[in-house]
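>>> Sequence below, structure please.
(one chain, ligands or ions: 1)
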Amino acid sequence: GSVFGHVAQAPEDPILGVTVAYNKDPSPVKVNLGVGAYRTEEGKPLVLNVVRRAEQLLLNDPNRIKEYLPITGLAEFNKLSAKLIFGQDSPAIQENRVTTVQCLSGTGSLRVGAEFLAKHYHKKSCFQHTIYIPLPTWGNHPKVFTIAGLTVKTYRYYDPATRGLNFQGLLEDLSAAPSGAIVLLHACAHNPTGVDPTLDQWEHIRQLMRSKGLLPFFDSAYQGFASGSLDADAQPVRLFVADGGELLAAQSYAKNMGLYGERVGALSIVCKTRDVAVRVESQLKLVIRPMYSNPPIHGASIVATILRDREMYGGWTIELKAMADRIISMRTQLHEALLARGTPGDWSHIIKQIGMFTFTGLNTDQVAFMTKEYHIYMTSDGRISMAGLSSRTVPHLADAIHAAVT
Ligand code: PMP
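Residues are numbered from 1 along each chain as shown. As a prediction, this is how the structure comes out:
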């Protein structure tokens, strides 16, 4: 018998499992709105032109080598990534009190940050190892933080009645959180709800968190995808950096540069002083070294090639805006298609929500019905990836939603 004979069959991942089921479905009308990956109007994955150009440059560079990167990754990539999220003229960067390490996309950045916190975040209060995450949030958050050694609690975020932000509930829960607790904040384009606080609300949240000594941990997986502007989408993070306080930020280039499988991202920790930042970085290296030694070189080289060159950077912002605009146009088209069908209910949240996803408000049974009868695949919480839609598939989705609610 096998020494692994006792191993039980694990369930599929709730998000990636949707694609597994989709792949098995032979129907020609099937649509995958599960995973958050951008598709063109033709339903195809997209490699940005600027990425292809950067790869060509790398390929033609005779000096290019495949040596190990340092534990902290490509230094130039780290510098440019910090400037991308905190701003070109960020005082925190100029004062050298930011440490940035290249990590394995957004997930890896969250994991490294969380393990660092579990090991080194000590305040007098005994709650320093608790992280508050929004309810709901990306399904991987609680798993990443728990396995890294943090205790996970939730704060109210989404209000099903308005399909908008439960701002009052959020403020109450953060007010009630013990001083010193960590708070996970989606920098923009909240996943799965598509609901973001306004800048005024962010300012309110900032004041509350700073007055209570709550430590912000920003997850920035969609910079540029919400509004189409990299700077506008980074405003909430920059608001918190501007007050001189400390924070963590996990960045992903999966969506905004379409580098999903290259696994390229960064963790930045903004510290009070340069001296603290140096010591924090030395400990980040001790977290990373036994985990995967050092990060891969190719994706980070692509990003650095684009970010360092004014012309390529400009090309990237245009392609990024085009992706964001196509998603916004899918929102309009789906909303209009439901209005045209006279589908009962208020569907204005489809055009009010922002980023890659719409949190439809459809329940588990309605989702199951749409998958069974219409071959539409989505997560059971009713989240649909707007980036997976096209003008061709909108009518089919609208028919399915209409049938599900009537
Ligand atoms: N955070 C959020 C909120 C996300 O939606 C995602 C991607 N689905 C990630 C982090 C991490 O993605 P990746 O590891 O591919 O960068």
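
>>> wait, does stretch 285-301 contact the ligand?
No - Stretch 285-301 stays out of contact with the ligand when judged by CB under 6 Å from any ligand atom, the minimum separation being 10.7 Å. C-betas here are computed from N, CA, C, even on glycine.

>>> now the end-to-end length of that stretch.
End-to-end distance for stretch 285-301: 20 Å, by CA to CA, to the nearest Å.

>>> The helix-or-strand element of the chain with minimal mean pLDDT and the ligand, are they touching?
Here the helix or strand of the chain ranked lowest by mean pLDDT, DSSP states H and E is helix 16-24, holding a mean of 90. No - applying CB under 6 Å from any ligand atom, one finds helix 16-24 out of contact with the ligand, separated by at least 9.9 Å.

>>> again, but for stretch 377-392
No - if you take CB under 6 Å from any ligand atom as the test, stretch 377-392 misses the ligand, and the best it gets is 9.7 Å.

>>> Give the full set of residues in contact with the residue lying closest to Leu150 once chain neighbours are set aside.
Distance criterion CB to CB, 6 or more residues apart in numbering; nearest residue to Leu150, sequence neighbours excluded, is Ile131 at 4.7 Å. Ile131 sits next to 114, 117, 145, 150-153, 181-184, 217 when contact means CB atoms under 8 Å, 6 or more residues apart in numbering.

>>> Ok, Arg308 next?
76, 80.

>>> what's across from Met248 in the sheet?
Just so we're on the same page, residue 248 is Leu rather than Met. Phe217, Ile269 (DSSP bridges).

>>> mind putting the contacts of Ile131 in TSV, neighbour count included?
As requested, the contacts of Ile131 are exported to TSV (neighbours: other CB atoms under 10 Å):
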residue	neighbour count
Ala114	29
Leu117	23
Phe145	26
Leu150	24
Thr151	15
Val152	18
Lys153	18
Ala181	24
Ile182	28
Val183	24
Leu184	26
Phe217	24
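
>>> Can you flag which of the residues you listed belong to helices?
Judged by DSSP state H, the contacts of Ile131 include 114, 117, 145 as members of helices.

>>> If we go by neighbour counts, what in the longest helix seen in the chain is buried?
In the chain, assigned by DSSP H, the helix with the most residues is helix 310-341. For helix 310-341, the neighbour count (16 or more other CB atoms under 10 Å) marks 312, 315-317, 319-321, 323-324, 326-328, 330-331, 333-335, 337-338 as buried.

>>> and the protein, which of its residues are near the ligand?
36, 105-107, 138, 186, 191, 219, 221, 252, 254, 265.

>>> Ranking by neighbours, what's the top pick from those?
Gly265 (30 neighbours; other CB atoms under 10 Å).

>>> can you pull the contacts of the residue nearest to Lys321 when sequence neighbours are not counted?
The shortest distance from Lys321 to any non-neighbouring residue, by CB to CB, 6+ apart, is to Gly228 (4.2 Å). Neighbouring residues of Gly228 by CB under 8 Å, 6+ apart: 320-321, 324-325, 328.

>>> Out of these, which is nearest to Ser211?
Ala324 (34.3 Å; CB to CB).

>>> Tell me if I'm right that the closest one and Leu230 touch.
No - the pair Ala324 / Leu230 is not scored as a contact, 10.3 Å apart, by CB atoms under 8 Å.

>>> Name the residue of the stretch 201-350 of the chain that lies nearest to the ligand.
Ser252 (3.1 Å; CB to the nearest ligand atom).

>>> Now do the same contact list for that residue.
105-107, 109, 220-221, 264-265.

>>> Which pLDDT value goes with it?
pLDDT for Ser252: 98.

>>> okay, the residues of the chain next to the ligand in CSV with secondary structure next?
What follows is these, written out as CSV (DSSP: H, G, I helix; E, B strand; the rest coil):
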residue, secondary structure
Gly36, coil
Ser105, helix
Gly106, helix
Thr107, helix
Trp138, coil
His186, strand
Asn191, coil
Asp219, strand
Ala221, coil
Ser252, strand
Ala254, coil
Gly265, strand
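
>>> which of these lies closest to Leu239?
Nearest to Leu239 among these, with distances taken as CB to CB, is His186, at 14.2 Å.

>>> what ranges do the strands span in the stretch 251-400 of the chain?
Under the criterion DSSP state E, counting those that start in this stretch, strands of the stretch 251-400 of the chain are mapped to 264-270, 357-359, 376-377, 383-385.

>>> Tell me which of the ones you listed sits most buried.
strand 264-270 (a mean of 29; mean count of other CB atoms under 10 Å).

>>> could you dump that strand to CSV, C-alpha only?
Below are the C-alpha coordinates for strand 264-270, written out as CSV (Å, rounded to 0.1, in the frame of the first residue of the first chain):
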residue,chain,number,x,y,z
VAL,A,264,6.0,39.6,-10.4
GLY,A,265,5.2,41.9,-7.5
ALA,A,266,6.7,43.8,-4.6
LEU,A,267,6.3,44.3,-0.9
SER,A,268,7.1,47.7,0.4
ILE,A,269,7.3,48.7,4.1
VAL,A,270,7.3,52.4,4.8
